[in-house]
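**Q** sharing a sequence plus its predicted fold:
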Amino acid sequence: MIVARSSTVVGISDGARQRPAPLLQPYVRWYEGYRLTGFPPGQHLGLSSPDLTVVLSLDRPVDITRAAAPGQQPGRFTALASGLTTSAVTIAHDGNQHGIQLALTPAGARALLGVPTSALGAWVVELDDVLGPDAQELLERIAATPGWQERFAVLDGVLTRRLLEARDTAQMDARVAHAWQQLVARPGTAVRDVADDLGWSRRYLTARFTAELGITPKESARIARFDRSKAMLRRPAARLSEVAVHCGFYDQAHLAREWREFAGVPPSRWRQDEVFPFVQDFDA
């Protein structure tokens, strides 16, 4: 447990992060349990990531005041799933958050949610829309289970069951998966090089990639680069110029432009305004 105090922040953060059971690891990168209490009310930005997001809220609904998908209205969700996006989601909070977040890979969308990543797009949907009755089972069992490790064990059990039921029918195309891995692991990789490696034209790769993932190959590399910069910026001593060089931006101005497009604010403003990401990450 961490108590965060400054001239503007007093709050308590408690949580844990864990990898799922080995069978699930190609589909779920991690579980993160969080309980944040006593922080000032405000807004939290849900930022772009190479992971799909699943959230199970345990105390109060997640109050989304601005969605990433054009045309989606504000809404409140007790359990939600969302795909890949290049825009931020704005979440209103009263200074308290308690729940579990899952980071799914695109392969996990098909294997566990039963849909390709493109079916979600930038939309936030109710978890039972993709999990059916398993969503309610997860919420009820986790709410009745004390301790993060025990809660993660519930997730392992339900998700492994879903995986085994769908394993023969819900596989992501191996060539698209290879392209995704290349572009996300090395954001500087040229799309043409990935297409050549697969024996495809760039246009054909883009069409297949977008049909599966809902974003283009170029956007996936940008998301990965942005996500790396976000991780570095959570370190208090990181300088913007160093982050820009390390993450593959042309310069600090390029970093700032990408942040304004992805987050709606420059990185320095995000570091100043956000409370939850820093406390949560340090605790995890």
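**A** Yes, it's here.
**Q** make it CA atoms for all contacts and neighbour counts henceforth
**A** Fine.
**Q** I'd guess residue 30 is in a helix, am I close?
**A** No: read with DSSP: H, G, I helix; E, B strand; the rest coil, residue 30 is strand and lies in no helix.
**Q** so it touches residue 103, yeah?
**A** Yes: the criterion here is Cα atoms under 8 Å, and residue 30 meets it with residue 103 at 5.6 Å.
**Q** give the next helix or strand downstream of the biggest helix by length in the chain.
**A** In the chain, with assignment by DSSP state H, the single longest helix is helix 148-166. Later in the chain than helix 148-166, the nearest helix or strand by DSSP states H and E is helix 174-185.
**Q** residues contacting that following helix, please?
**A** By Cα atoms under 8 Å, 6 or more residues apart in numbering, the residues outside helix 174-185 that reach it are 50, 107, 189, 191, 194-195, 198, 205, 208-209, 212, 217, 220-221, 224-225.
**Q** part of a helix, is residue 36?
**A** No: with three-state DSSP as the criterion, residue 36 is strand rather than part of a helix.
**Q** so how far is residue 81 from it?
**A** Separation of residue 36 from residue 81 (Cα to Cα, to the nearest Å): 21 Å.
**Q** ok, back up a step: so what secondary structure elements neighbour the longest helix of the chain?
**A** On a contact count with 3 or more Cα pairs under 8 Å, 6 or more residues apart in numbering; DSSP states H and E, helix 148-166 meets strand 10-18, helix 133-143.
**Q** for residue 245, find the nearest of these.
**A** Closest to residue 245 of the helices and strands packed on helix 148-166, according to Cα to Cα: strand 10-18, at 28.9 Å.
**Q** residue 36 and residue 81: who's more crowded?
**A** The neighbour comparison of residue 36 against residue 81 (other Cα atoms under 10 Å) goes to residue 81, with 25 against 21.
**Q** residues contacting the nearest residue to that one once chain neighbours are set aside?
**A** Nearest residue to residue 81 in three dimensions, chain neighbours excluded: residue 54, at 4.4 Å (Cα to Cα, 6 or more residues apart in numbering). Residue 54 makes contact with 79-82, 101-104, 127 under the criterion Cα under 8 Å, 6+ apart.
**Q** got the CA positions of stretch 263-270 in CSV?
**A** Only the C-alpha atoms of stretch 263-270 are listed here, as CSV (Å, rounded to 0.1, in the frame of the first residue of the first chain):
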residue,chain,number,x,y,z
ALA,A,263,-4.0,12.5,-25.7
GLY,A,264,-5.3,16.0,-26.5
VAL,A,265,-2.6,17.5,-24.2
PRO,A,266,1.2,17.9,-24.4
PRO,A,267,3.2,15.4,-22.4
SER,A,268,4.2,18.0,-19.8
ARG,A,269,0.6,18.8,-19.1
TRP,A,270,-0.3,15.1,-18.7
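**Q** follow-up on the earlier one: mean pLDDT lowest where, among the helices and strands packed on helix 148-166?
**A** Mean pLDDT values for the helices and strands packed on helix 148-166 show the minimum at strand 10-18, a mean of 84.
**Q** host element of residue 44?
**A** Using DSSP H and E, residue 44 sits in strand 42-46.
**Q** mind listing the strands whatever helix or strand comes next after that strand pairs with, and their directions?
**A** Counting by DSSP H and E, the next helix or strand C-terminal to strand 42-46 is strand 52-57. Strand pairing for strand 52-57, using DSSP bridges, gives strand 79-82 (antiparallel), strand 97-104 (antiparallel).
**Q** to residue 157, which of the ones you listed lies closest?
**A** Among the strands paired with strand 52-57, strand 97-104 sits nearest to residue 157 (Cα to Cα), with 14.4 Å.
**Q** taking the mean pLDDT, what do you get for the closest one?
**A** Average pLDDT, strand 97-104: 95.
**Q** perfect, I'm done here.
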